[in-house]
Every structure is written in C-alpha cells, then in structure tokens.
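1. output the structure for:
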Amino acid sequence: MNKQPKTVALVDWYWAGHHPMYFNHFIMALEELGIDVLAFCPDPAEAEQTANETRPATGAAIANFGRTQFHKIRVANRRFGYLRPARIGAIDWTIRHFAGIENQVRQCAQESGRIVDAIYYACIYDWDFEWIRFSEPFLRFPWVGLYLQAISYRMPGQPNPLTGKVPSPKQMFGGRLCKGIDLLDEGIVNQVAQTIGKPVMALPDLVDARRAGRAEDRVLSENLKRFADGRPIVGLFGHLKKSKGILSFLEAARMPGASGICFALAGELVWPSGEGERNRIERALAECPNVWNHLARVPGERPLNELMAACDVLCAAYLDFPHSSAIQSKAAVFEKPLIVSEGYLMAERTRRFRMGEIVPQDDAVALLEAILRITKDSAAWVAENCPHWAEYTREHSFERFKTNVAKVLALTPETADCES
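-> Numbering: from 1, shown residues only. Prediction:
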C-alpha cells in the first residue's frame, strides 16, 4: 500500500442539506490522520467556524494533527445556447470546471508553500462527473471521492432524473487519475468495484450529533414543543422536496385520525413543478392545525438536532430513494423510531437493526398507521421491537469513517504529478 499523503485538497461546490456536515467530517478525519487540508467550498467562513467548534480544543495529540486552510471555491458557469448541442455544452463545462478547480488548488498550494498529493471530492454526483474523462488531458492530480448516490446499482437502467441518462460509473471512474472511491452503501461495494475496476470502500453514514450550547439553538425546538402542546411529534426534516415524501406526509396529516399528532416540517422547501402538487402543499400548510413548519434552512446542526430530539418519531419515507440518509443515523443516535419506505438500503438497515416501521412508498394511509402504532404507546413499541440503536451507532462511528478514508487516500501516490 502506498504511503499516506501529506496534503489533500478537499473540494465541494454544493452547500445545502448534508454537504456542510459531511465536509466537516472529512476535515476532522484528515486532520486526525495528520494530513494537511486545503478546503475549497462555497462558504469557507461557515466551514471554518464548524471545524473550530468540533475539533478537539486541548490535548497533546493535537500537535500531530494536520492543519486546514479554507478557501472559497470558484465554479465555471454552465453555458447554454440554441446552437450548442447539450452534450457538447456539458463536456465544455466539465473541462472548464475541473481544470479550473485544479488551477485554484495549484495556486493556493504555491501560495502556502505546500505540495498537494491528491484531491478528495467530498461529494460526487453523476451529472457533474458524467464527462470527466474528457478533462483528463488537462488534469494532473490523482483523485478519489465519495460517490454519494449510486443510483445505477440499486435501480438498474433507471435514468438520472436530472440528466435523463442512465449513469455509467465505469466511464466516470475508469480514468487513470481516479484511484478509488468511497460509498455510503455497504450493500453494493463489491458490485461497484467489479464494474469500475478500482478499489471501493464503504464509509459509515456519520452525523453531527451536537446538542444546543446556546439559547438561540433551541428557539425552533421550543417553538415546536409549544405548538405541539403535549401531542406526539413526528418530524420530516432536511432538504424538503418531492422525493422526501412531503406530499404523503402532509396527506397523512390531513386525515381524521391524525388530529392528535403534531406533524413537523423543517428545512428549505423545493416546490414541485406541477401546479396541482404545489396547491396540495399550500392547502395543507394553510388548513391543517396540526402541522408546524419552518420552511427555510435550519441554521446549523445543533438547532436541527434539537428539533429531532423533540420528536417522538422521525419520518424518512422517501420516494424512489435507494441511497443512505443521515436521518437514519440521527434516529439511532437520538434513539427515535424511524419510518422508511419499503425497498433499498434504508429499509435493509431498518430491518437489520429493528429501528422502526417500513411502509409502501407514497402511501399516506400506511404512513399514518405506522405513526399511530408507534405513538399509541412509544415505550411499549420500544419494548416489543428492541431497536439496536447502539449497534447501529457503533457501526457508523467516526473511527470507522476515519480508517476507511485513510484506506482510499493511501491508493494515491505520495507526491502527485501536479507541477508539470
């Protein structure tokens, strides 16, 4: 196995939902491995503040930690035009995008007197990396990264909803500069490795479980508890969009049997494109006296954790979602029963660890029945089901995360050919 790199560029150009949290997980892991980090993201000030709040503040071991510099990432504009075929435009953007990232990394490395050994892409999506092979003649850094949503393995032949194309991981990861990838899905590691011909590691789906340290971190959760007024609370949190099952969630809230339950929504809402679906959401929010909502980004992990801790049940009954979700890990940490949709990875984990109820997707009746089964007598439900929350948390620990990040980075050369 190659030696561990000394300096890594950590790169992410998204900053919604789970992105800030996972970016910080990687920084903490790399620093504890003794690796210096050049961190590129859309909000370096927020990233630095989060790192300062979560890394160890004292202790002799910190002298052996790597150090992180934070930089604002610049992303190439996507050019559109009636005379430019979509494929040509996508390839053009991909070349400019990844070459531009390398230029930023090289410039910052030179200014800081560092030699960057590899790039770690904190979040790989099909639509951004679809044509990366055309960028290889313009690139020098070896790279690895977290392939977040490997839809083509859990849903074979299913086109990516954003591109309309069936993803091709073999083409995305087959280039000479890609040395291996991480996944959040332990069930498909061997299959992906066989397809791409590269090492693949399974990362635990980590969470930031910090609770409120300031009164302002508890404002949302206190508002929610006052609104609930003693009623059991079921929460749907995160980047709220149609695939998160928001329509079924609100439909369940409108049913007569749901009047004794508080349904809580928190997170940035992505409105559906269909007018009928938009009207359903607006009507439910306006007419349901048992629905509490904060339809904006929750300002940090601590306020989000306080919201989850206030709930009796967490809902992750998503639509056509074959991937991992941090909500499942948070449910284990806070020991909250979880409701998920049948099929795919989250249902597999829920069965294995006895974490909650599994319902058919997009079935509001089944969803409400599951909520009522749990909330009728939560203590009795826990006693009957014996959830393996502690076991799940151990399996998705930071130490396992750090170990597997080290393994995939050890696949990169100790010194990259980045100066030529």
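2. CA atoms for contacts and neighbours, from now on please.
-> Fine.
3. which parts of the stretch 101-250 of the chain are helices?
-> 126-129, 151-154, 169-173, 189-196, 219-228, 246-254 (DSSP state H, counting those that start in this stretch).
4. for the ones you listed, give me a markdown table that also has mean neighbour count, distance to Gly213 and mean pLDDT.
-> Conversion of the helices of the stretch 101-250 of the chain to a markdown table gives the following (neighbours: other C-alpha atoms under 10 Å; distance: least, C-alpha to C-alpha, whole Å; pLDDT from 0 to 100):
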| stretch | mean neighbour count | distance to Gly213 | mean pLDDT |
| --- | --- | --- | --- |
| helix 126-129 | 19 | 37 | 92 |
| helix 151-154 | 19 | 38 | 86 |
| helix 169-173 | 18 | 42 | 93 |
| helix 189-196 | 16 | 38 | 94 |
| helix 219-228 | 17 | 12 | 97 |
| helix 246-254 | 23 | 30 | 96 |
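5. quick one: closest of the ones you listed to Glu301.
-> With C-alpha to C-alpha, the closest approach to Glu301 among the helices of the stretch 101-250 of the chain belongs to helix 219-228: 12.2 Å.
6. ok, and what's touching the closest one?
-> With contacts defined as C-alpha atoms under 8 Å, 6 or more residues apart in numbering, helix 219-228 is touched by 261-262, 264, 290, 292, 303, 306-307, 310.
7. can we see that at 6 Å?
-> 262, 306-307 (C-alpha atoms under 6 Å, 6 or more residues apart in numbering).
8. that older thread, now the helices of the stretch 101-250 of the chain in JSON lines, with distance to Val234?
-> Below are these laid out as JSON lines (distance: least, C-alpha to C-alpha, whole Å):
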{"stretch": "helix 126-129", "distance to Val234": "33"}
{"stretch": "helix 151-154", "distance to Val234": "28"}
{"stretch": "helix 169-173", "distance to Val234": "37"}
{"stretch": "helix 189-196", "distance to Val234": "33"}
{"stretch": "helix 219-228", "distance to Val234": "10"}
{"stretch": "helix 246-254", "distance to Val234": "10"}
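9. and of these, who's closest to Glu342?
-> helix 151-154 (13.1 Å).
10. ok so, going back, in strands, which of the contacts of helix 219-228 appear?
-> Mapping the contacts of helix 219-228 onto strands (DSSP state E) picks out Cys262.
11. so which of the contacts of helix 219-228 is the most crowded?
-> Among these, Leu307 has the most neighbours (other C-alpha atoms under 10 Å), with 28 neighbours.
12. where along the protein do the strands fall?
-> Here the chain has its strands, by DSSP E, at 7-11, 36-41, 68-72, 118-124, 143-147, 178-183, 200-202, 233-237, 262-266, 291-294, 313-316, 338-341, 356-359.
13. JSON lines please, covering those and showing distance to Lys407 and mean pLDDT.
-> Converted to JSON lines, the strands of the chain look like this (distance: least, C-alpha to C-alpha, whole Å; pLDDT from 0 to 100):
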{"stretch": "strand 7-11", "distance to Lys407": "14", "mean pLDDT": "97"}
{"stretch": "strand 36-41", "distance to Lys407": "16", "mean pLDDT": "97"}
{"stretch": "strand 68-72", "distance to Lys407": "20", "mean pLDDT": "96"}
{"stretch": "strand 118-124", "distance to Lys407": "13", "mean pLDDT": "97"}
{"stretch": "strand 143-147", "distance to Lys407": "11", "mean pLDDT": "97"}
{"stretch": "strand 178-183", "distance to Lys407": "10", "mean pLDDT": "96"}
{"stretch": "strand 200-202", "distance to Lys407": "8", "mean pLDDT": "94"}
{"stretch": "strand 233-237", "distance to Lys407": "33", "mean pLDDT": "97"}
{"stretch": "strand 262-266", "distance to Lys407": "36", "mean pLDDT": "97"}
{"stretch": "strand 291-294", "distance to Lys407": "40", "mean pLDDT": "96"}
{"stretch": "strand 313-316", "distance to Lys407": "31", "mean pLDDT": "98"}
{"stretch": "strand 338-341", "distance to Lys407": "32", "mean pLDDT": "98"}
{"stretch": "strand 356-359", "distance to Lys407": "33", "mean pLDDT": "98"}
